[in-house]
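*Asks:* What would the 3D arrangement of this be:
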Amino acid sequence: MATRRKFLAGSVSAVAGVLATSTSARSATEVESSVSETTSLCGEWFFRADPDNAGVQQKWYDGHARGEGWRIVSVPHTSQVEAPLVDYRGVAWYWLSFELSATGTPQSPRDCAVRVEFEAVFHTATVWVNGPIWMGESGENNDDWIAQFVKTLEKNNIGWAFWPYKKMEKSSAVVSILPPADWAKIVEFAKLPRGTGQVEERLKARPDQETIVRAFDQFLENMRLQKCIVNAGYLKALGLKSDVAPVTAGGSAK
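*Replies:* Model (predicted):
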């Protein structure tokens, strides 16, 4: 896919640390320009698995830190389809050095608005461009861990994004969705083995249509922000406050 890795005008080196398993960037810069240039970053990148999660401490994102253990892959790239990494669950790094210059106006890349776009990065990724800039898609942990992580990120001037902001029954999100009645029946049915050989058994275990419609209608209602449970501890860990009326389990917002 041509847009898997691309940049819009600029001059940088990029490293992506990807976990297979805000923010300091709270200011927006407005730049007027009649020229838009797109450069694909698809092609040869250096790749390395990081089972000990040592890359950040050893500063693998630094332009001069690449040593043994790296190999060249062609991006777009999916490491888990390679035989040695089929069962690998951990951090992997992609590293690329490149230079871009604006050919239109303004002449200097420093006068351009620069945007990097990563498509299909799996679950969680931290991106370095000439140094750390942004940590994307995290949040699967308790409030104390989140609070310390946010402090560490902001201390190092790294922007962040914690997601998703809604989860069913879990407090590791901004708000929690209350499960509808009979939702457990829907979940159990979804867990049944699939395939042509299991069709009859699945049909026997399938909840009746009235139950399915009622459960999903209630799910759509319960996921409205005003009907969700606000997780104050999670918000506090992020340094945020809620302007949504709190809802207790089994209750509803007015």
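
*Asks:* so what's residue 74 bridging to?
*Replies:* When assigned by DSSP bridges, residue 74 has beta-bridge partners residue 44.

*Asks:* Go ahead and list the helix or strand containing the residue lying closest to residue 60 once chain neighbours are set aside.
*Replies:* In this structure, residue 60 finds its nearest non-sequential neighbour in residue 93, 5.7 Å apart by CB to CB, 6 or more residues apart in numbering. C-beta coordinates here come from the backbone N, C-alpha and C atoms, glycine included. Under the criterion of DSSP states H and E, residue 93 resides in strand 91-97.

*Asks:* for the record, mean pLDDT for that strand?
*Replies:* Per-region confidence: strand 91-97 scores 89 on mean pLDDT.

*Asks:* List the buried residues of it.
*Replies:* 91-96 (16 or more other CB atoms under 10 Å).

*Asks:* Tell me the bridge partners for the residue nearest to residue 137 when sequence neighbours are not counted.
*Replies:* Spatial nearest neighbour of residue 137, excluding adjacent residues (CB to CB, 6+ apart): residue 124 at 4.7 Å. Here residue 124 sits in beta bridges with residue 19, going by DSSP bridges.

*Asks:* isn't residue 124 right up against residue 141?
*Replies:* No: between residue 124 and residue 141 there is no contact under CB atoms under 8 Å: 11.4 Å.

*Asks:* The two: who's more crowded?
*Replies:* More crowded of residue 124 and residue 141, by other CB atoms under 10 Å: residue 124, with 19 against 13.

*Asks:* quick one: the more buried one and residue 140, what's the gap?
*Replies:* Going from residue 124 to residue 140 by CB to CB, to the nearest Å gives 8 Å.

*Asks:* Please enumerate the strands of the stretch 51-200 of the chain.
*Replies:* Remark: strands assigned in the stretch 51-200 of the chain by DSSP state E, counting those that start in this stretch are 71-75, 91-97, 115-118, 124-129, 132-138, 159-162, 166-168, 175-177.

*Asks:* Would you mind pulling the contact partners of the fifth one?
*Replies:* Yep, that's strand 132-138 we're talking about. 23, 25, 61, 121, 123-127, 149, 153, 156-163 (CB atoms under 8 Å, 6 or more residues apart in numbering).

*Asks:* Now do that strand against strand 124-129: the angle between them, please.
*Replies:* Angle, strand 132-138 to strand 124-129, by axes from the mean of the first three to the mean of the last three CA atoms, to 10 degrees: 170 degrees.

*Asks:* CA atoms of strand 132-138 as CSV?
*Replies:* Below are the C-alpha coordinates for strand 132-138, written out as CSV (Å, rounded to 0.1, in the frame of the first residue of the first chain):
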residue,chain,number,x,y,z
PRO,A,132,11.0,11.3,20.7
ILE,A,133,7.8,13.1,19.7
TRP,A,134,4.7,10.9,20.3
MET,A,135,3.5,7.7,22.0
GLY,A,136,0.4,6.4,20.4
GLU,A,137,-2.3,3.8,21.5
SER,A,138,-1.6,2.8,25.1
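
*Asks:* what about it, distance to the chain center?
*Replies:* 8 Å (CA atoms, centre = their mean, to the nearest Å).

*Asks:* Rounded mean pLDDT for that strand, please.
*Replies:* 72.

*Asks:* what does the last one give?
*Replies:* Strand 175-177 shows a mean pLDDT of 94.

*Asks:* do stretch 43-61 as well
*Replies:* 88.

*Asks:* Can you check the distance spanned by that stretch, start to finish?
*Replies:* Stretch 43-61 has its terminal residues 19 Å apart, counting by CA to CA, to the nearest Å.
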